[in-house]
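# Fold the following for me, if possible:
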Amino acid sequence: MTPRRATLADAATLARLNTHVQAWHAAHYPEAFFPNPDPKALAAHFADRLADPACTGFLMGEPATGYALCQLHIREASIFSPGYRRLMIDHIAVAPEARRQGQGLALLQAARSLARALQADEILLDTWESNHDAHALFRAAGFTPRRMLFRATPQACT
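Here you go, the predicted model:
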């Protein structure tokens, strides 16, 4: 089971695969996500991402049932911190009917291989607190939590 690189021609496929992910996020975090983005706008978004030389997409299955979208971030050293080459996994998703078959692990392995090829120092991804299934996958693939993001409304800050 080997992921293949996504091309610009795959933008609509990534948009299709994103539908259940977007719905999950909108159901759990309605203040942060819209439930039904316009499919054409979503495909255009993924086309823009895939056209970016710093961005790499992967697809799993035929027809595709999983995807990952990764982007290389480079920061020069500053007075505060050393520089880095970081591969950020911006999206990773497997359709519900295709889960627990190794696709998520294969996508994460593809990201690791890409990170090595790009001479990245580390791989990061972020996930929402209530996405426990994803957390289990990431831990099984050797990822560990690094930092926490706390949130409050301005009214709550007294």
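# Contacts only, for Ala110.
By C-beta atoms under 8 Å, 6 or more residues apart in numbering, the residues touching Ala110 are 2-3, 58, 68. Using the backbone N, CA and C atoms, a C-beta is placed for each residue, glycine as well.
# Would you agree Ala134 is in contact with Asp126?
No. Using C-beta atoms under 8 Å, Ala134 makes no contact with Asp126, being 10.2 Å away.
# These two: which has the busier surroundings?
Neighbours were tallied for Ala134 and for Asp126 using other C-beta atoms under 10 Å; the higher tally belongs to Ala134 (18 against 10).
# Check what contacts stretch 53-73 and list those residues.
1, 3-6, 10, 13-14, 17-18, 46, 49-50, 52, 84-95, 97-98, 103-104, 106-108, 110-111, 114, 118, 120.
# now for the lengthiest helix in the chain, which elements pack on it?
For the chain, the helix with the greatest residue count under DSSP state H is helix 11-28. Using 3 or more C-beta pairs under 8 Å, 6 or more residues apart in numbering; DSSP states H and E, the elements in contact with helix 11-28 are helix 39-51, strand 55-60, strand 66-75, strand 84-94.
# and Thr127, how far is that from Leu8?
Applying C-beta to C-beta, to the nearest Å, the value for Thr127 to Leu8 is 27 Å.
# Who has more neighbours out of those two?
Between Thr127 and Leu8, counted using other C-beta under 10 Å, the more crowded position is Thr127 (16 against 12).
# who does the most centrally placed residue in the chain bridge with?
Centroid check for the chain by C-alpha atoms, centre = their mean gives His91 as the closest residue, at 1.6 Å. Note on His91: beta-bridge partners by DSSP bridges are Leu69.
# OK, contacts around it?
Counted by C-beta under 8 Å, 6+ apart, His91 has contacts 14, 18, 21, 67-69.
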